[in-house]
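Engineer: With the input below, show me the fold.
(chains A, B, C and D)
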2 protein chains.
Amino acid sequence: MATYDQLKRALKKEGLRYTQQRQYVWDELCATNDHRDAEEIYLAIHQSGLNVSRATVYRTIDVLVKNKMVRKLELGDGRARYEHKVNATHHDHLICIQCGKIEEFMDEVIESRQDEIVKKFGYKLVRHIHQLFIICSECESP
Amino acid sequence: MATYDQLKRALKKEGLRYTQQRQYVWDELCATNDHRDAEEIYLAIHQSGLNVSRATVYRTIDVLVKNKMVRKLELGDGRARYEHKVNATHHDHLICIQCGKIEEFMDEVIESRQDEIVKKFGYKLVRHIHQLFIICSECESP
DNA sequence: CTGCCTGCAAAATCTTTGCAAAATC
DNA sequence: GATTTTGCAAAGATTTTGCAGGCAG
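Structural biologist: Numbers count the residues shown, from 1 in each chain, chains lettered A, B, ... in the order given. As a prediction, this is how the structure comes out:
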């Protein structure tokens, strides 16, 4: 469930006010563990009978991403997906190119290899994107 | 350098004609090993004194990507980058979030771990994106 | 009450598309 | 000579921004 304390702290830190609209966006993001785009979040809020403009959805998500409460996924199709990070551990994604389903994976070996590669270059790792585009079992043999 | 045989074969396979414009786009893509966006390709062609419209640049790149002559990179900033695949082996990318510089890496261990992960899920790996966003040494201590 | 926030619509950005003119086979 | 291609500009898609009125502190 949504933790308003975390939201309040983040907004305060950014010098922003605590508003109903911002809370609705956070509520909706926390309502599922899906990987949805901005339009889906926007529509879901409206289907709950609440009213928040697209602009506010985008603006609020930006704040949440900046404060690491929400993760932004760029799959290369021009639409960013978002997932809340409440009680979440680090993971990367498997994406079915047929049905769009997204699953999560995590591999310690890969994580440490990444660190070594970056170290060898003498660089500093900030973040990474690791996406495995697959055909899932249902799409392979329907 | 650009290999026109490969281009001719790809166009024939797609049922497309061999035109000057398509060759110019391929020439420009092969002219460097950079990771450039469509606009940069377009401008570079024009700076060579040749004339190819943006639409044709986009349309031609699509064909080249489809035929694995060019690789499309999505860095999550809304602008796709392209690199030709002449004499290229598989690699992934390190991207400096300060200066935008792109470098390449390849790690056998990571490659095989990926295969194992996908296998464990019972899926089929089609392609992957692995990008390490870093601060390069020049940007770290200028 | 003051000034930030919202909603709307317009702008911005990158890419795709429709159509008449031009080029290829 | 028929049919693809091209170039242009307009349309699309997603996201961002400017501004007048509304609401939090």
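Engineer: Chain A: helices as residue ranges?
Structural biologist: Listed in chain order, the helices found in chain A under DSSP state H are A:4-14, A:20-31, A:38-47, A:54-66, A:108-121, A:137-140.
Engineer: Can you say which of the ones you listed is nearest to B:Tyr82?
Structural biologist: Closest approach to B:Tyr82 among these (Cβ to Cβ): helix A:108-121, 23.1 Å. Every C-beta, even on glycine, is put in place using the N, C-alpha and C of the backbone.
Engineer: Let me know the angle separating that closest one from helix B:108-121.
Structural biologist: With axes from the mean of the first three to the mean of the last three Cα atoms, to 10 degrees applied, the angle from helix A:108-121 to helix B:108-121 works out at 160 degrees.
Engineer: for helix A:108-121, packing partners?
Structural biologist: If you count contacts as 3 or more Cβ pairs under 8 Å, 6 or more residues apart in numbering or on different chains; DSSP states H and E, helix A:108-121 packs onto strand A:124-135, strand B:92-96, strand B:102-105, helix B:108-121, strand B:124-135.
Engineer: Kindly report the residues of chain A close to DNA strand D.
Structural biologist: A:17-20, A:37-39, A:54-55, A:58-59, A:62, A:78-80 (Cβ under 7 Å from any atom of the strand).
Engineer: of the residues you listed, list those near DNA strand C.
Structural biologist: Those of the residues of chain A next to DNA strand D which are also neighbours of DNA strand C are A:17, A:19, A:54-55, A:59, A:78, as judged by Cβ under 7 Å from any atom of the strand.
Engineer: Switch the helices and strands packed on helix A:108-121 over to TSV; also include mean neighbour count, distance to A:Tyr4 and mean pLDDT.
Structural biologist: Compiled in TSV, the helices and strands packed on helix A:108-121 are given as follows (neighbours: other Cβ atoms under 10 Å in any protein chain shown; distance: least, Cβ to Cβ, whole Å; pLDDT from 0 to 100):
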stretch	mean neighbour count	distance to A:Tyr4	mean pLDDT
strand A:124-135	18	27	96
strand B:92-96	22	36	96
strand B:102-105	16	41	96
helix B:108-121	14	36	98
strand B:124-135	18	31	96
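Engineer: I'd like those laid out as JSON lines, including distance to A:Glu103.
Structural biologist: Supplementary listing: the helices and strands packed on helix A:108-121 in JSON lines, determined by distance: least, Cβ to Cβ, whole Å:
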{"stretch": "strand A:124-135", "distance to A:Glu103": "9"}
{"stretch": "strand B:92-96", "distance to A:Glu103": "21"}
{"stretch": "strand B:102-105", "distance to A:Glu103": "25"}
{"stretch": "helix B:108-121", "distance to A:Glu103": "7"}
{"stretch": "strand B:124-135", "distance to A:Glu103": "13"}
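Engineer: so which of those gets nearest A:Pro142?
Structural biologist: strand A:124-135 (10.8 Å).
Engineer: close to chain B, is that closest one?
Structural biologist: Yes. Part of strand A:124-135 sits close enough to chain B to count as contact by Cβ under 8 Å from any Cβ of the partner chain, namely A:124-135.
Engineer: Going by distance to DNA strand D, which of those wins?
Structural biologist: Within the residues of strand A:124-135 next to chain B, proximity to DNA strand D (Cβ to the nearest atom of the strand) peaks at A:Ile129, which comes in at 15.1 Å.
Engineer: Quick check: closest non-adjacent residue to that closest one.
Structural biologist: Nearest residue to A:Ile129, sequence neighbours excluded (Cβ to Cβ, 6 or more residues apart in numbering or on different chains): B:Gln131, at 4.6 Å.
Engineer: Distance of that neighbour relative to A:Gln98?
Structural biologist: Relative to A:Gln98, B:Gln131 is positioned 23 Å away (criterion: Cβ to Cβ, to the nearest Å).
Engineer: and what of A:Arg36?
Structural biologist: Computed as Cβ to Cβ, the A:Arg36 to A:Gln98 distance reads 19 Å.
Engineer: And those two? Which one has more around it.
Structural biologist: Remark: of A:Arg36 and A:Gln98, A:Arg36 carries more neighbours, 20 against 13, as counted by other Cβ atoms under 10 Å in any protein chain shown.
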